[in-house]
Structure formats: C-alpha cells, structure tokens
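Asker: got a predicted structure plus its sequence, pasted below:
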Amino acid sequence: MNYKNIKAEKKDMVGVITLNRPDVLNALSSALIGELGEALTNFESDQEIGVIVILGGEKAFAAGADIKEMLEKDYFEASTGDFLGNWGAITKCKKPTIAAVSGYALGGGCELAMQCDIIIATEDAKFGQPEINIGVIPGAGGTQRLTRAIGKYKSMEMILTGRMMNAHDAETAGLVTRVVKKSALIDEAMDVANKISKMPRAAVIAAKSSVNRSFETTLAEGILFEKTSFYSLFATEDQTEGMRAFAEKREPKFRNR
Ligand code: CAA
C-alpha cells in the first residue's frame, strides 16, 4: 500500500510503520493520522503479522499534532466535530505495538508513543507535553497516560510548564522501556518485535489485554480478568505444545492454534 505521510512494510512477522514527514518533524496532520489508522487496520487483519512497530525519524519521532493545521480551528469546530476522534486507533490493536523513539516525542508524538505497549528510546530522545505553550492542553490522552506512567507530580510539572524530559530521566521515571544508542534503535526495536512475534499468538494477545486491563479497573476485577484469560489459554494447542516441549526438554513449535 502506498501512503503519502507514512511508510508501511512487512518484515517477517512484524508490521513496520514509519512516520514520514521529516520536513516538519513528523507533525501529525489529520492526513497522517488517517493513513496510520488504515495501515494499523491492515496489519491487525493480516494473520502473518504478530507485532507492529512505529518508527519516526532521527531528529523527531513526532513533534506533535500539526499546529499549522489546528491554527484556524475555533471552539465549535473543534468540539462539535470529531477532531482527534481517530487518534486512538493504535490503542484498539490487539497485537502488541512498539514505539521506537529517536529525538523529539512531543505533544501528540509523546501521546502516540504512550499509546503503544513498549517504548524504546535513543539517548537523545526528549519527551514532553508542551501544549500549554500554544494555549491548549494535551488532547490525545497525555494528561491521563503520562500521569499513570510517571505519577502526578512529574507529569503535572511537565504539562503545566511544557518542560521536556530527557531519555535518562524518562527511563528512571518509568516512561520508557529501555534507552539505547541511536545507532541501535531500529535493531533493538526489531529484536523485541521479532521475539514477541514468535510467541504463541493467543497468549500474547491475552497478556497484552490483561496488562492493559490494570489501567481500566480495580485490582480484584483485573485479577479476575487475568485468571479467566489464563484458563482460556488451556483451550489452545500452543499451551499443550509449550508445556510438553518443556517437559521433553526441546524447543516448542507454536502454530498459533
Ligand atoms: N506542527 C507543525 N509544524 C511543526 C511542528 C508541529 N507540531 N513541529 C515542528 N514543525 C515544523 C516547524 O514549523 C518547522 O517548519 P518550517 O521549516 O517550515 O519552519 C520544522 O518543523 C522544523 O521545526 P523547527 O524549525 O521548529 O525545529 P527546531 O529544531 O528549532 O525545534 C521543536 C524543534 C522544539 C520540536 C519545535 O519544532 C517545536 O517546539 N515544535 C512544536 C512542539 C509542540 O508544541 N507540540 C505540541 C503540538 S499540539 C498537540 O500535539 C496537541 C495534542 O495533544 C494532540
């Protein structure tokens, strides 16, 4: 599929989407978000694909929503239309998603990364929700996901002052999975993606939805959800194969069944 603002390609069992508006630091225009949603839907329905990786550029993963596109909007247009309505496409993916962040992940760019399940960042990555500088607030989940990731006091300062957080502090605060050298970013992200893509698919999906459930519900309900998902995996051939292979001291051959 040919896109104008992104690239989408299959690498073995991994769907790789590269944000591709380098001249504007991958500013997330509505056209780009639309294409991203389309590419995600295609990868979700492609049985060969087990994991989706989102890449940006070297200088920026994405510097936020396209400010020039938002400039002319008024309150009525923003609030009565479906502005940002399709920004959560990636959160609807059952397959695990990995953001590989180099450089700036600001505003909607930080929000897009946080919508993913794993964030691998380069040493020069910078995360921020600077919307306050342009008279608004995060609008694609930033106030909620950043707070859940790093807590009230760090996120409050970032959101109220627009201060960026460097990669080292982001890792310490729990905002990123791992920080790697710039030259190693894509290899690292692909290694993780390849590893997950070879795991038994039903268990991967159950694990992802159980972890994500912890953000949505009480501990007791979350544990009940986890237990039900755990039991359900005993209906899969991969459970039998995985446990039998362990007992027989051999590598399992998962068939995603
Ligand atoms: N929207 C539109 N264009 C953008 C952009 C954005 N978010 N971010 C950068 N650009 C454009 C710049 O206008 C510039 O274009 P021109 O060459 O045509 O002038 C080009 O990208 C390069 O940017 P800079 O010259 O500014 O590069 P820099 O290295 O000096 O600064 C930066 C980099 C600090 C990231 C700076 O570009 C910046 O502050 N960008 C805006 C960040 C921001 O406020 N993001 C939040 C957007 S609102 C949002 O995301 C709402 C939401 O929650 C959904």
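Answerer: Sure, I can see it.

Asker: report the longest helix in the chain, please.
Answerer: helix 30-45 (DSSP state H).

Asker: who touches that helix?
Answerer: Helix 30-45 is contacted from outside by 1, 3-6, 8, 15, 17, 19, 21, 26, 49, 52, 66, 69, 86-87, 89-90, 92-95, using Cβ atoms under 8 Å, 6 or more residues apart in numbering. C-beta here means a position set from N, CA and C on the backbone, and glycine is covered the same way.

Asker: excluding sequence neighbours, find me the nearest residue to the residue in the stretch 101-250 of the chain that the ligand sits nearest to.
Answerer: Taking Cβ to the nearest ligand atom, the ligand has its nearest neighbour within the stretch 101-250 of the chain at G107, 2.5 Å off. Nearest residue to G107, sequence neighbours excluded (Cβ to Cβ, 6 or more residues apart in numbering): G64, at 2.7 Å.

Asker: tell me who's in contact with the one you found.
Answerer: 27-28, 106-110, 130-131.

Asker: I'd like the next helix or strand past the helix or strand where A78 lies.
Answerer: Per DSSP states H and E, A78 falls inside helix 75-80. Sequence-wise, the next helix or strand downstream of helix 75-80 (DSSP H and E) is strand 97-101.

Asker: which stretches of the protein form strands?
Answerer: 6-11, 14-19, 51-55, 60-62, 97-101, 104-106, 118-122, 126-128, 165-166, 178-180 (DSSP state E).

Asker: could I get the ones you listed as JSON lines with mean pLDDT and mean neighbour count?
Answerer: Shown next, in JSON lines, are the strands of the chain (pLDDT from 0 to 100; neighbours: other Cβ atoms under 10 Å):
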{"stretch": "strand 6-11", "mean pLDDT": "98", "mean neighbour count": "16"}
{"stretch": "strand 14-19", "mean pLDDT": "98", "mean neighbour count": "23"}
{"stretch": "strand 51-55", "mean pLDDT": "98", "mean neighbour count": "26"}
{"stretch": "strand 60-62", "mean pLDDT": "98", "mean neighbour count": "28"}
{"stretch": "strand 97-101", "mean pLDDT": "98", "mean neighbour count": "27"}
{"stretch": "strand 104-106", "mean pLDDT": "98", "mean neighbour count": "28"}
{"stretch": "strand 118-122", "mean pLDDT": "98", "mean neighbour count": "25"}
{"stretch": "strand 126-128", "mean pLDDT": "98", "mean neighbour count": "25"}
{"stretch": "strand 165-166", "mean pLDDT": "98", "mean neighbour count": "20"}
{"stretch": "strand 178-180", "mean pLDDT": "98", "mean neighbour count": "18"}
